[in-house]
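*Asks:* Structure, please.
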Amino acid sequence: MAEFFPDAESMESTTVRVYRTAAVVKGGRRFSFAALVVVGDRNGRVGIGYGKAPGVPAAIEKAQKNARKELIQVPLLGGTLPHAVDARFGASRIRLVPAAPGTGVKAGATARAVLELAGVRDCLSKAFGSTNQKNLARAVYEGLKSLRTKQQVAQLRGVEIERTEIEQRVEAGKRGRDAQAEIDAEPDSDAQPAAEPGAGGSN
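*Replies:* Numbering: from 1, shown residues only. Prediction:
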């Protein structure tokens, strides 16, 4: 469940997982907690953080502070990614693929938390190797960090790039939504007007 920051209305936070460790001491076991947190505004900014503390609330708060320090700007194209990307962190690998409007975010819980708070609404994903949540979240973060817009690639290569397949899909989806909205807004001409009470007399 996403949490809102009181000092930043547009920022949300989601706790991916809380870890508990125990150290055996002379008087018994001493517990320590760690939290993996994702922070984002659902509009292209996202960050992940990891924090440790003796208590759960303190660990989550520390992870949120760390995540806000690592906020990045993600280039989006109509709610999806501008191009496919492969990313790796540790033994975890993930492939993120743009999807047509209306597809939704097809990903596991860890990858979904990062993608949704980044503002991605349509995306396909496939994880390979280790599914360790810390490594997988960082792999998604690194993948989003490596995204480039068409304008950035054209400037780096010094060439002009034509319309991509992703742009065509996004435009087609937008036209479809506009057409459906017009159909829904039109009055139903086939509907028969309701008969007034007492209008039909008996012979």
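*Asks:* just the strands in the chain please.
*Replies:* Ranges of strands in the chain, per DSSP state E, are 3-5, 8-25, 28-40, 45-53, 72-73, 85-89, 92-98, 105-106, 123-129.
*Asks:* right, so of these, which gets closest to Q151?
*Replies:* strand 72-73 (14.2 Å; C-beta to C-beta). Backbone N, C-alpha and C define where each C-beta goes, glycine included.
*Asks:* ok, for the most centrally placed residue in the chain, nearest residue in space, not its chain neighbours?
*Replies:* Residue closest to the average C-alpha location in the chain (C-alpha atoms, centre = their mean): E116, at 1.6 Å. Leaving aside its sequence neighbours, E116 sits nearest to V105 (C-beta to C-beta, 6 or more residues apart in numbering; 5.9 Å).
*Asks:* Can you report how many residues lie near that neighbour?
*Replies:* By the criterion of other C-beta atoms under 10 Å, V105 has 19 neighbours.
*Asks:* I'd assumed G119 was in contact with it.
*Replies:* No - at 10.7 Å, V105 does not count as touching G119 under the criterion of C-beta atoms under 8 Å.
*Asks:* still on that earlier bit, among the strands of the chain, single out whichever gets nearest to T149.
*Replies:* Nearest to T149, of all the strands of the chain, is strand 72-73, at 10.8 Å by C-beta to C-beta.
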